[in-house]
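My questions concern the predicted model and sequence given below.
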Amino acid sequence: MRDGRNHGRARWIGALALVGGCGLGNPDLVFTADVGVPPVDTGLDVPTDVGFDAGFDVPADLPLDRPDVPADLGFDVPDLGVDRPDVPTDVGVDAPDVGVDVPDVGVDVPDVPDVVDAPDVPDVPDVPVDMPPVCPAGQTLCGATCFDLAADPSHCGACTTACALPNAVAGCAAGACVVASCTAGFGNCDGNPANGCETSVVADDARCGACTNVCGADRYCTAGACTPSRDCAELHRRRPALPSGTYSLDLDGAGAGAPADARCDMVTDGGGWTLVFDSNTSANYDQVDVGWSRADVAAGLLASGAATEALIAHRDASFVPVPGVSTARFAVPAMWRSRSPFAVAAQDESVLAFLSGSATGETHRLRYGYQNFAGYCGSAWDAGSSFGRICLEGTTAPFFTTFANNDLDYCSLSSLVWYGAGNPVPYRCGAARRFTIYVR
């Protein structure tokens, strides 16, 4: 029975070792069945039945790789006298971490080589496609470009029609060539675009600067502008058909003065005379410093030297020379360029005079200024009171006297006594018989 108890204990211990996680190689476990050792009293009473079913059979023979123990030791193994604590089925404690780092493999993984760039694929050239452009509405394709044939002067009415007009900048309207503008100095006066700007408007008085610009009677066209003449002589040369009358003149030429109206004689002795003095501008010249009645004409034509001749005459209300009195033309005396003949004392000088338009000149003494004299043009100057006169001795030219004196002014003949003695009508000056001086 002891053997049986020991054998049963061995089986129980083996099962408990399996349940408790003990290894079968534990040297403290002795199995009598295998070693043939007589049962040893351990002093522990192990019940026959451990009170549970291990759930598996322990084989009779456990394959333990241990050296065989002799069947009989020859002595009894004493009891240990110490009960070993039962090994609980469930330890209830987590097994500690191993605590040992797993060493690195120690093998460097070779770098993966960079991916080699694939070679560039050459651009595939565009394949030209000959497709004509689509022109906007109102345009036509000429070659590879769209044009408005109704308004493009380079393609006017047709792709191959380019407008080119004489003396003009060409335009295109409704598909036809037109004159857009004229070259300076030209005009399209006939309205025909085919011949461009055919008319010069530089010096045409009827088309001055423009086809419809007509210069006035006292203007002439120069450099495309209607310009006043400087004096009646210039106006007469340019417009010889103009009658005597009043015209606008640019008396100072290139000066800053504005044009002014002046009287022109376009008939007498070749015409072209500009009035500088008219006795009718005053009822009585009783002072000794009588000046030119047209100071602007004197300044513009006499002082400047523009005028070279003088013409004296008695004229009626229409400025027509009075019949029976000669007109006299002669060179302008030098003194007249700075002073009027009425503002100087007793002057005599010889002049070559052309009477009543004669082509043959006659030398006579011209007498002018203020100082006393007897009564005729030929009377000597004397020291008496101031008594002005201007006359051409030995002629029937005008005799203007008694200025610079309070007596009324007289307009007689140089061949007669100044007051008209022996004549049926005294030669008093007035609107119908006036003494005038013109220059040209």
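Noted; the coordinates are in hand.

so residue 301 sits right up against residue 308, yeah?
No. The criterion here is CB atoms under 8 Å, and residue 301 misses it with residue 308 at 9.4 Å. (Glycine included, C-beta is placed from N, CA and C.)

More neighbours: which of the two?
Set residue 301 next to residue 308 and count neighbours by other CB atoms under 10 Å: residue 301 wins out with 28 against 12.

any residues in contact with both of residue 301 and residue 308?
Listed contacts common to residue 301 and residue 308 are nil; contacts here mean CB atoms under 8 Å, 6 or more residues apart in numbering.

Show the contacting residues for the nearest residue to residue 183 once chain neighbours are set aside.
Take residue 183 and drop its neighbours on the chain: the residue closest to it by CB to CB, 6 or more residues apart in numbering is residue 167, 4.4 Å away. If you count contacts by CB under 8 Å, 6+ apart, residue 167 has them with 182-183, 186, 196-198.

Over to residue 365?
Residue 365 sits in contact with 348-351, 392-394, where contact means CB under 8 Å, 6+ apart.

With residue 249 as the reference, measure out to the residue nearest to residue 183.
Distance from residue 167 to residue 249, counting by CB to CB, to the nearest Å: 34 Å.

All the helices of the stretch 301-440 of the chain, residue numbers only.
With DSSP state H, counting those that start in this stretch as the criterion, the stretch 301-440 of the chain has no helices.

what do you get for the stretch 151-300 of the chain?
232-238, 295-297.

quick one on the thing from earlier: in the contacts of residue 365, find the pair that's most separated.
Maximum pairwise distance in the contacts of residue 365, criterion CB to CB, is 14.3 Å, between 349 and 394.

of these two, who's got more company?
Set side by side, residue 349 and residue 394 show more neighbours around residue 394, with 15 against 12, by other CB under 10 Å.

hey, what's the nearest residue to that one once chain neighbours are set aside bridged with?
Sequence neighbours aside, residue 364 is the residue nearest to residue 394 in space, at 5.4 Å (criterion: CB to CB, 6+ apart). On the basis of DSSP bridges, residue 364 is bridged to residue 351.

mind giving me the domain ranges of the chain?
Taking automatic domain parsing as the domain assignment, the ranges for the chain are 1-90, 147-200, 267-439.

Which of the ones you listed comes out lowest on mean pLDDT?
Across these, domain 1-90 has the smallest mean pLDDT, namely a mean of 43.

picking up where we left off before, I'd like the contacts of residue 167 as a markdown table, with neighbour count and distance to residue 323 appended.
Below are the contacts of residue 167 laid out as a markdown table (neighbours: other CB atoms under 10 Å; distance: CB to CB, whole Å):
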| residue | neighbour count | distance to residue 323 |
| --- | --- | --- |
| 182 | 22 | 54 |
| 183 | 13 | 56 |
| 186 | 20 | 52 |
| 196 | 20 | 58 |
| 197 | 24 | 54 |
| 198 | 17 | 52 |
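
Between all of those, which two are at the greatest distance?
Spanning the widest gap among these are 183 and 198, at 11.2 Å by CB to CB.

Could you tell me which of the contacts of residue 365 are located in strands?
348-351, 392 (DSSP state E).

Which of the residues you listed sits closest to residue 297?
The nearest member of those to residue 297, counting by CB to CB, is residue 351 at 20.8 Å.

The stretch 301-440 of the chain: strands as residue ranges?
Counting by DSSP state E, counting those that start in this stretch, the stretch 301-440 of the chain has strands at residues 309-315, 328-331, 347-355, 362-370, 372-373, 381-382, 388-392, 398-401, 410-413, 434-439.

just so I know, which of those lies nearest residue 282?
strand 434-439 (10.7 Å).

For the closest one, which outside residues touch it?
265, 268, 273-280, 297, 301-302, 307, 309-316, 319, 332, 341, 390, 398, 400, 409, 411, 429.

So which bits of stretch 146-156 are buried?
By 16 or more other CB atoms under 10 Å, the buried positions in stretch 146-156 come out as 146-147, 149-150, 152-153, 155-156.

out of those residues, what pair is the most spread apart?
The largest distance within these, taken as CB to CB, falls between 146 and 153 and amounts to 15.8 Å.

which residues does residue 324 contact?
Residue 324 touches 396, 413, counting by CB under 8 Å, 6+ apart.

May I ask you to confirm that residue 289 is in contact with residue 343?
Yes. Proximity of residue 289 to residue 343 meets the contact threshold set by CB under 8 Å, at 4.8 Å.

More neighbours: those two, which one.
Comparing residue 289 with residue 343 by other CB under 10 Å, the one with more neighbours is residue 343, at 19 against 12.

so who does that one touch?
Residues in contact with residue 343 (CB under 8 Å, 6+ apart) are 288-291.

Would you check how far apart it and residue 288 are?
With distances taken as CB to CB, residue 343 is found 7 Å from residue 288.

what do you get for residue 165?
Distance of residue 165 to residue 288, computed by CB to CB: 70 Å.

one step back: which one of the ones in strands among the contacts of residue 365 is nearest to residue 190?
residue 351 (55.1 Å).

ok, how many other residues are close to that closest one?
Neighbour count of residue 351, defined by other CB under 10 Å: 19.

separation between it and residue 186?
Counting by CB to CB, the gap from residue 351 to residue 186 is 51 Å.

Equivalent analysis for residue 393, please.
For residue 393, the distance to residue 186 (CB to CB) stands at 59 Å.

and if you look at residue 335?
51 Å.

what does residue 417 give?
Per CB to CB, residue 417 is found 66 Å from residue 186.

before we move on, what about residue 228?
Remark: distance between residue 228 and residue 186 (CB to CB) = 25 Å.

and if you look at residue 294?
As defined by CB to CB, residue 294 lies at a distance of 40 Å from residue 186.

Just give the closest residue to residue 297, not the sequence neighbours.
Excluding its sequence neighbours, the residue lying closest to residue 297 (CB to CB, 6+ apart) is residue 276, at 4.6 Å.

Residue 326 versus that neighbour, what's the distance?
Distance from residue 276 to residue 326, by CB to CB: 19 Å.
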